[in-house]
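In: the sequence isn't on hand, but the structure is:
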């Protein structure tokens, strides 16, 4: 029996080696190599046979720049994450945990598109669910008697391409990319080589025929999309669907977008009728914000171009055993330890025998640092048992010397505060220099200047 040739491929950077090694010499990641058996050489049968004239390099002034024509999905939150709507011929990767609502969201999007125009033919390809399961979900979402919606249960890429040639859809969904396989390769579905080559085929199809394609991707236990990292580089847009499965709210976060701003966020509520848009996200993150209480404070963050008002909650309790805890939810734990050290230094108080808990209400995760001042205010409010005005916004990054640093894009935040009728703003003096501020404000340069508030 002939020995099968195999190669080991890094799942992070696709580096290849003849034998398994623990650490990738290219990306320096550990335990990312997967054995792949070498079979037939992959060729793009759908494009290689086309006799096309080879394109020559062009000068910049010879290239016509066409403005992208966008198609609205009928869901404003989804359009926001996409940068204003769908671009013809784009390839969009949607990832998220099992059961988070990826298929439900795309089913609703495709239902809106198919009903919007008689020319909007949609092909929904699933390798995981049967056609009856998909049809049942569509009827539950109110999509019935639709002559533009085609459902197909198939895993073989050649059969899928044959149906695309017959139906000629404008929109395509592959659910999921890990279950789709190319018969040109001998490896199993979901392997690195299969995911990479199937995505490459779909990408060429989308660009050549102008089909807007969605591919759904599974995620690993670390939260990243399964498959090689090159998968995210190939597509035009990468969207993560986040949220607690046991909760009611979902966050649609754009990680990469070639046609708009990245890091945009769309917020949805899971109901019996499917995913519904949250029209005013700040009200959700500030639920019951009129109720006064110790350790509550409001800040304004930016997700892409959208200002969001979120509530920071802090709890400081005495620990008699000497092993104080620092616990966070939605915020970096190491950052909290640093801010507590700044508090101890410039307020002259000791938190070594106190447990400190910090929570971002609503499940939002904070990655930027403009909420540092708000977190310090919430911790001090809980420590001194002093309530803070819920209509006051705290914005500013805090350095190790206690200084409050400037925050970018303050104009957007100020306009949003004025629209929502907030009473007061506490921030750095640099943030308000040469800006017209129509609300009451307090400018501070160091956190030691906050002692008058908590006395």
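Out: Done, it's in. Since the model is a prediction, treat every value here as computed from it, not as a measurement. Numbers count the residues shown, from 1 in each chain.
In: straight-line length of stretch 80-92, end to end?
Out: Chord length of stretch 80-92, first to last residue, is 14 Å (Cα to Cα, to the nearest Å).
In: and it, how far from the chain's centre?
Out: Centroid separation between stretch 80-92 and its chain, computed with Cα atoms, centre = their mean, to the nearest Å, is 15 Å.
In: what's the answer for stretch 13-32, then?
Out: 27 Å.
In: and it, end to end?
Out: This stretch, stretch 13-32, spans 9 Å end to end (Cα to Cα).
In: skip ahead from the helix or strand bottoming out on mean pLDDT in the chain and say which helix or strand is next.
Out: Across the helices and strands of the chain, mean confidence by mean pLDDT, DSSP states H and E is lowest for helix 45-48: a mean of 46. Remark: after helix 45-48, the chain's next helix or strand is strand 70-71, criterion DSSP states H and E.
In: where do the domain boundaries of the protein fall?
Out: 6-37, 71-279, 283-454 (automatic domain parsing).
In: now the first one: mean pLDDT?
Out: Mean pLDDT, computed over domain 6-37, is 81.
In: what sits against the residue nearest to the spatial centre of the chain?
Out: Nearest residue to the geometric centre of the chain (Cα atoms, centre = their mean): residue 253, 2.5 Å. Applying Cβ atoms under 8 Å, 6 or more residues apart in numbering, we find residue 253 in contact with 81, 239-242, 263-266, 303. Yep, even glycine has a C-beta here, placed from its N, CA and C like the rest.
In: Throw these into a markdown table and include pLDDT and distance to residue 138, thanks.
Out: Supplementary listing: the contacts of residue 253 in a markdown table, determined by pLDDT from 0 to 100; distance: Cβ to Cβ, whole Å:
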| residue | pLDDT | distance to residue 138 |
| --- | --- | --- |
| 81 | 91 | 22 |
| 239 | 92 | 21 |
| 240 | 89 | 24 |
| 241 | 87 | 19 |
| 242 | 82 | 24 |
| 263 | 76 | 31 |
| 264 | 83 | 27 |
| 265 | 84 | 27 |
| 266 | 86 | 21 |
| 303 | 80 | 31 |
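In: from the residues you listed, which is closest to residue 107?
Out: Looking at the contacts of residue 253 and their distance to residue 107, the nearest is residue 241, at 13.3 Å (Cβ to Cβ).
In: off-centre distance for the helix or strand hosting the closest one?
Out: Element membership of residue 241, judged by DSSP H and E, is strand 237-242. Counting by Cα atoms, centre = their mean, strand 237-242 is centred 4 Å from the centre of its parent chain.
In: show me what that strand is packed against.
Out: Using 3 or more Cβ pairs under 8 Å, 6 or more residues apart in numbering; DSSP states H and E as the contact test, the elements touching strand 237-242 are strand 91-96, strand 249-257.
In: what pLDDT, on average, does the longest one get?
Out: When the per-residue pLDDT values of strand 249-257 are averaged, the result is 86.
In: ditto for the first one
Out: Regarding strand 91-96, the rounded mean pLDDT is 92.
In: sheet-wise, list the partners of that strand with their directions.
Out: Sheet pairing here is set by DSSP bridges, and for strand 91-96 it gives strand 212-217 (parallel), strand 237-242 (parallel).
In: any chance of those in CSV, with mean neighbour count too?
Out: Rendered in CSV, the data for those read as follows (neighbours: other Cβ atoms under 10 Å):
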stretch, mean neighbour count
strand 212-217, 25
strand 237-242, 22
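In: now render those as TSV, adding distance to residue 377.
Out: Putting the strands paired with strand 91-96 into TSV (distance: least, Cβ to Cβ, whole Å) gives the following:
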stretch	distance to residue 377
strand 212-217	40
strand 237-242	27
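In: now stretch 115-129: buried residues?
Out: The neighbour-count check on stretch 115-129 (16 or more other Cβ atoms under 10 Å) flags 115, 120-127, 129 as buried.
In: quick one: mean pLDDT for the strand ranked longest in the chain?
Out: As assigned by DSSP state E, the longest strand anywhere in the chain is strand 306-318. The pLDDT scores in strand 306-318 average 92.
In: picking up where we left off before, so what's the residue nearest to the centre of the chain bridging to?
Out: Here residue 253 sits in beta bridges with residue 240, residue 265, going by DSSP bridges.
In: any idea how far residue 171 is from it?
Out: Distance, residue 253 to residue 171, by Cβ to Cβ, to the nearest Å: 22 Å.
In: check residue 9 too.
Out: When distance is defined by Cβ to Cβ, residue 9 is 32 Å away from residue 171.
In: please apply the same query to residue 249.
Out: Computed as Cβ to Cβ, the residue 249 to residue 171 distance reads 27 Å.
In: out of the two, which sits in the busier spot?
Out: residue 171 (24 against 19; other Cβ atoms under 10 Å).
In: check the spacing between the more buried one and residue 138 real quick.
Out: In this view, residue 171 and residue 138 are 14 Å apart by Cβ to Cβ.
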